[in-house]
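>>> The following comprises the amino acid sequence and a computationally predicted model.
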Amino acid sequence: GQQVMQIPQYQHVQEGEDFTTYCNSSTTLSNIQWYKQRPGGHPVFLIQLVKSGEVKKQKRLTFQFGEAKKNSSLHITATQTTDVGTYFCAGGGGYNKLIFGAGTRLAVHP
Amino acid sequence: NAGVTQTPKFQVLKTGQSMTLQCAQDMNHNSMYWYRQDPGMGLRLIYYSASEGTTDKGEVPNGYNVSRLNKREFSLRLESAAPSQTSVYFCASSGQDGIAKNIQYFGAGTRLSVL
């Protein structure tokens, strides 16, 4: 079945360093979404990418969707302690379903 | 506007006991979902309901049953709990119009331990 793989599983950075997580799908995606889950919290929607090669920015966060619509990345510039959490990508898995990656847990040390 | 509400927040069960996790949404969404989250494994879909009156199996349905009681409510039942069902359970809903229809909104989760 369709799989969404995400790397790395865990990333530890010093505050101010950059961070990137990568997402790869075994099949072409109609869209990809990114969610953030704070420790002890629930996933919260960040953004959706739909078009091939699309790039979207939210302040220090940059999201990209690959040209073949099979991969995506999230880049955070100059991390802050408020960026701590787990970042999930999720690809369309059929009617209104999402297939989630395993997530990348980000730790930021001041 | 409460969004997605899950009850209970915490539960401890003994092996073989049964329980129902409740979920309700007030966003008039058509689709609702139950996920379980285990360390290092992300979110795995247990069951989903594309609309009122329909339910379908997800990736890990064994040991669970669901009921879409009405458009607002989607419950998850464990008939005979097993230690392997110790997990954090999230309910979610989606169904806004247009391009945002696939965006999922999550409840706060239920932390379940089966001893």
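All right, it came through fine.
>>> where's the residue nearest the centre of chain B relative to chain A, distance?
Nearest to the mean C-alpha position of chain B, by Cα atoms, centre = their mean, lies B:Trp34 at 2.6 Å. Using Cβ to the nearest Cβ, to the nearest Å, we find B:Trp34 at a distance of 12 Å from chain A. All C-beta spots, glycine's among them, are computed from the backbone N, C-alpha and C.
>>> Bridged to that residue, which residues?
On the basis of DSSP bridges, B:Trp34 is bridged to B:Tyr47, B:Cys91.
>>> Would you mind measuring from it to B:Phe90?
The gap separating B:Trp34 from B:Phe90 is 7 Å, by Cβ to Cβ, to the nearest Å.
>>> Output the set of residues of chain B in proximity to chain A.
Proximity of chain B to chain A, by Cβ under 8 Å from any Cβ of the partner chain, involves residues B:30-31, B:33, B:35, B:40-45, B:48, B:50, B:58-59, B:90, B:92, B:94-95, B:99-109.
>>> Can you select the buried ones from these in PyMOL?
Buried residues among those (16 or more other Cβ atoms under 10 Å in any protein chain shown), as a PyMOL selection:
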select buried, chain B and resi 30+31+33+35+42+43+44+45+48+50+58+59+90+92+94+95+102+103+104+105+106+107+108+109
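>>> all strands of chain A, in order?
All strands of chain A, identified by DSSP state E, fall at A:4-7, A:10-14, A:19-25, A:32-37, A:44-49, A:55-58, A:61-65, A:71-76, A:85-92, A:98-100, A:104-109.
>>> would a markdown table of those with distance to chain B be doable?
As requested, these are exported to a markdown table (distance: least, Cβ to the nearest Cβ, whole Å):
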| stretch | distance to chain B |
| --- | --- |
| strand A:4-7 | 8 |
| strand A:10-14 | 9 |
| strand A:19-25 | 11 |
| strand A:32-37 | 7 |
| strand A:44-49 | 5 |
| strand A:55-58 | 13 |
| strand A:61-65 | 14 |
| strand A:71-76 | 15 |
| strand A:85-92 | 6 |
| strand A:98-100 | 4 |
| strand A:104-109 | 9 |
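>>> among those, which is nearest B:Val66?
strand A:98-100 (17.4 Å; Cβ to Cβ).
>>> same for the closest one, what does it pack against?
Judged by 3 or more Cβ pairs under 8 Å, 6 or more residues apart in numbering or on different chains; DSSP states H and E, the packing partners of strand A:98-100 are strand A:85-92, strand B:43-49.
>>> one more time with 7 Å
Packing partners of strand A:98-100 (3 or more Cβ pairs under 7 Å, 6 or more residues apart in numbering or on different chains; DSSP states H and E): strand A:85-92.
>>> Compute the distance from the centre of the strand it packs on to the centre of its chain.
Using Cα atoms, centre = their mean, to the nearest Å, the distance from the centre of strand A:85-92 to the centre of the chain it belongs to is 5 Å.
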